[in-house]
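K.L.:
Structure for this input, please:
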Amino acid sequence: MSVYTTSTITKAQPQGRAQIKWGEVILFTLLAYGLTWAWQAIKLVPHLGDLLTAAKTPADATSIFGNPLFHIVGMFGPMLAAILMRLFISREGLRGALGLRRPRRYYLLAVFVPIIFMIAISLISALAGMARFALPEEKMPIYIVPMFVLLIIPECVVAFGEEFGWRGYLLPRLLPMGEIRASLILGLVWSLWHLPVLLAGVLYPGNNPWLLLLMFWFSVTMVTFAYTWLFVASRGSTMLATIFHGSFNWSGNRLKTFMASGNLFPIGLVMGVGWFLIVLVVYGVLKRSPQVNLEQLN
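P.N.:
Below is the predicted model:
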């Protein structure tokens, strides 16, 4: 099952800027932003003046969005944008858009790499004195453990709302320029799209909003490379990118569950630095080629 059709990437053409359909890239991006931001603006706009001038983002996002699930509806904006583009603009349709039939090892990587990485980040943060982790004060019954594990399923559902757009639609259109430039552009688009939830304190609450935006852009852009590598290695599987994303979100939420003290801001920065070092090793030491054999992705 392929994630691409010939309308997505033309075969047997040299890589270069001429292959990129910038009209589709720009229109999809505007749709993804517009659909998400329009929904979140319903609750955000009345508080926008205060949020833009505040020294710190809210400690509790429910003071802005009310219901903690309200902002999650907006997370499906990229998916809706991709569906509209596939059906009415680029017209490749929806068939073969998931990439389900992939070797089992890629599914294992998608699940466990984020978990291992977040454990490493937690250990580094604890050793550096940036955070302290402990079991919650309230005793947890044993049945909570499988419930924690099952929470990865709704995380993947929400992640699909993003990944069907970011990796399922936008990344294939940027890959002709190579992995590095494609990841840098997608990282910028993806990170700035989160601006409403950053300002509202959904992510990394209680921090200077502009320093937070800078840190978030850096961290998201660096981790974007990991998504790109998985996507290319798996011959363009949107489903694997979804699981990878869901596992990261699940791991991050478990980190917060067991965080006894500390601020999430430096942990996010450490995450970005960690992926930055990995990117340097992959392209600088291991000499991975940033060019992509586009025919192998079909």
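
K.L.:
Contacts for the helix or strand harbouring Ala32, please.
P.N.:
Ala32 is part of helix 22-44 when elements are defined by DSSP states H and E. Here helix 22-44 makes contact (Cβ atoms under 8 Å, 6 or more residues apart in numbering) with 51, 64-66, 70-71, 73-78, 80-82, 84-85, 89-90, 165, 169-170, 173-174, 189, 193, 195-197, 199-200. C-beta coordinates here come from the backbone N, C-alpha and C atoms, glycine included.

K.L.:
Which strand or helix spans Arg132?
P.N.:
strand 131-133.

K.L.:
Name every strand pairing with that strand and say which way it goes.
P.N.:
According to DSSP bridges, strand 131-133 forms sheet pairs with strand 259-262 (antiparallel).

K.L.:
Check which residues of the next helix-or-strand element following the partner strand are buried.
P.N.:
Counting by DSSP H and E, the next helix or strand C-terminal to strand 259-262 is helix 264-280. By neighbour count on 16 or more other Cβ atoms under 10 Å, the buried set for helix 264-280 is 264-272, 274-276, 278-279.

K.L.:
ok so, going back, could you point out which element follows the strand holding Arg132?
P.N.:
Per DSSP H and E, the helix or strand that comes after strand 131-133 is helix 144-150.

K.L.:
Go through that next one and flag the buried ones.
P.N.:
In helix 144-150, no residue is buried by neighbour count (16+ other Cβ under 10 Å).

K.L.:
quick one: average pLDDT of stretch 249-259?
P.N.:
Mean per-residue pLDDT for stretch 249-259: 89.

K.L.:
How far away from the center of its chain is it?
P.N.:
Here stretch 249-259 is found 16 Å from its chain centre; the criterion is Cα atoms, centre = their mean, to the nearest Å.

K.L.:
and the closest residue to Tyr204 other than its chain neighbours, what is it in contact with?
P.N.:
Computed as Cβ to Cβ, 6 or more residues apart in numbering, the closest residue to Tyr204 that is not its neighbour in sequence is Leu264, at 4.9 Å. Shown in contact with Leu264 (Cβ under 8 Å, 6+ apart): 204-205, 207, 256.

K.L.:
so of those, which ones are in helices?
P.N.:
If you go by DSSP state H, these have Lys256 in helices.

K.L.:
Name the nearest of the contacts of Leu264 relative to Val292.
P.N.:
Nearest to Val292, judged by Cβ to Cβ, of those is Tyr204 at 32.5 Å.

K.L.:
Please indicate which of the contacts of helix 22-44 are buried?
P.N.:
Buried among the contacts of helix 22-44 by 16+ other Cβ under 10 Å: 51, 64-65, 70-71, 74-78, 80-82, 84-85, 90, 165, 169-170, 173-174, 189, 193, 195-197, 199-200.

K.L.:
Could you identify the buried members of the contacts of Leu264?
P.N.:
Buried members of the contacts of Leu264, counted by 16+ other Cβ under 10 Å: 204-205, 207.

K.L.:
will you turn those residues into JSON lines that also has distance to Thr228 and pLDDT?
P.N.:
Listed next are these as JSON lines, based on distance: Cβ to Cβ, whole Å; pLDDT from 0 to 100:
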{"residue": "Tyr204", "distance to Thr228": "24", "pLDDT": "96"}
{"residue": "Pro205", "distance to Thr228": "29", "pLDDT": "95"}
{"residue": "Asn207", "distance to Thr228": "28", "pLDDT": "97"}
